[in-house]
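**Student:** Sequence and predicted model, in that order:
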Amino acid sequence: MFNAAVMSIGLAALFVTQADAAVIYNWRTESIERGVEMAGQIEFSEQAVRARRALSDFTGFGQPPAGSPDDWPRFFYPNGDGDGDVDLDPDILGLSFSILDIGGGTISLDLGENRGLFFEIFANIAFDEGLTPSGSIALRGEFSGFRLVGSTDSAPFWTAEYGSDGACFQRCLSTGTWVLDPSSLDVAEPGSLALVLTGILGIGVLVGQSYTRMPWAARGEKGWLSRRHADLAPVSRWSP
């Protein structure tokens, strides 16, 4: 039980990060069934990973900046919905995908202002206790489209289909895994909850060590609380 408590406190301490901290996963190709290799990275919000769920439903259309008709169109992520509400804390903070060895075939998305005429992303991802993701991701830009699916039955493996006009004839297909970047699990700032939890854990260790040093504990005797309630403990009828 003590070990389980230590693990729980440790996991909680890992996620005491800044509000806008990103938990990063990198794509690792395991096999290529058709076409060429894909590279990818996704940045999830710390809040989404803690909740074990990341959702996204976003479509952005770029508009030329006012007074600069020759400049690239731009869209903002995240943007307002039909009611004018803005999601200021999206589950997906950024991503980048590219088809290796082929010119073009690249998609990227960042918080705030993005260059591009059109971008679309739909994601429904769950994280298990080991933070292994499963679910689906579909994203599309002007020149490329990517679709990734990973079920709990096939975890940690995902199937990726991707391509664009003139690239990956019949679309590329590969299998891979999402690898957590441990450096993205930030160390908490001094005075944060992580240090408080560490202090509590340290007190628990000291109390346990003090218990074992008690004279009656060294003689194998029960402590005062155990002796006081010994008569309340149930006796098995199978006892000799």
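**Tutor:** Received the coordinates, thanks. Numbers count the residues shown, from 1 in each chain.

**Student:** For the nearest residue to Gly116 once chain neighbours are set aside, grab phi and psi.
**Tutor:** Sequence neighbours aside, Gly62 is the residue nearest to Gly116 in space, at 5.3 Å (criterion: CB to CB, 6 or more residues apart in numbering). Yep, even glycine has a C-beta here, placed from its N, CA and C like the rest. Main-chain torsions, Gly62, degrees, to the nearest 10: phi -80, psi 150.

**Student:** any idea how far Gly62 is from Ser56?
**Tutor:** Distance, Gly62 to Ser56, using CB to CB, to the nearest Å: 18 Å.

**Student:** ok, those two, which is more surrounded?
**Tutor:** Neighbours were counted for Gly62 and for Ser56 using other CB atoms under 10 Å; Ser56 has more, 22 against 18.

**Student:** For that one, I want the exact helix or strand it lies within.
**Tutor:** Assigned by DSSP states H and E, Ser56 falls within strand 53-61.

**Student:** tell me what that strand is packed against?
**Tutor:** Judged by 3 or more CB pairs under 8 Å, 6 or more residues apart in numbering; DSSP states H and E, the packing partners of strand 53-61 are strand 74-77, strand 118-127.

**Student:** was I right about Ile107 contacting Gly94?
**Tutor:** No - counting by CB atoms under 8 Å, Ile107 stays clear of Gly94, with 11.4 Å between them.

**Student:** So those two - more neighbours on which side?
**Tutor:** Ile107 (24 against 18).

**Student:** Quick one: end-to-end distance for stretch 112-129.
**Tutor:** This stretch, stretch 112-129, spans 31 Å end to end (CA to CA, to the nearest Å).

**Student:** Pull out the buried positions in that stretch.
**Tutor:** For stretch 112-129, a neighbour-count test (16 or more other CB atoms under 10 Å) marks 114, 116-117, 119, 121, 123, 125-127 as buried.

**Student:** Run through who's touching it.
**Tutor:** For stretch 112-129, contacts defined as CB atoms under 8 Å, 6 or more residues apart in numbering pick out 44, 49, 52-62, 72-77, 91-92, 95, 107-109, 133-142, 152, 155.

**Student:** can we see that at 7 Å?
**Tutor:** 49, 52-62, 72-77, 92, 109, 133-142 (CB atoms under 7 Å, 6 or more residues apart in numbering).

**Student:** and those, which are buried?
**Tutor:** If you count burial by 16+ other CB under 10 Å, the buried members of the contacts of stretch 112-129 come out as 49, 54, 56, 58, 60, 62, 73-75, 77, 92, 109, 133-135, 137-141.

**Student:** List the pairing partners of the strand holding Ser56 within its sheet, with orientation.
**Tutor:** With DSSP bridges as the criterion, the sheet partners recorded for strand 53-61 are strand 118-127 (antiparallel).

**Student:** Toward the C-terminus, what is the element adjacent to the partner strand?
**Tutor:** strand 133-141.

**Student:** Which positions in the next helix or strand after that following strand come out as buried?
**Tutor:** Remark: after strand 133-141, the chain's next helix or strand is strand 145-150, criterion DSSP H and E. Residues of strand 145-150 classed as buried under the neighbour-count rule (16+ other CB under 10 Å) are 145-148, 150.

**Student:** Show me this structure divided up by domain.
**Tutor:** Using automatic domain parsing, the domain parsing of the chain gives 1-16+189-219, 20-184.

**Student:** Could you tell me whether Thr152 really is in a strand?
**Tutor:** No - counting by DSSP: H, G, I helix; E, B strand; the rest coil, Thr152 is not part of a strand but coil.
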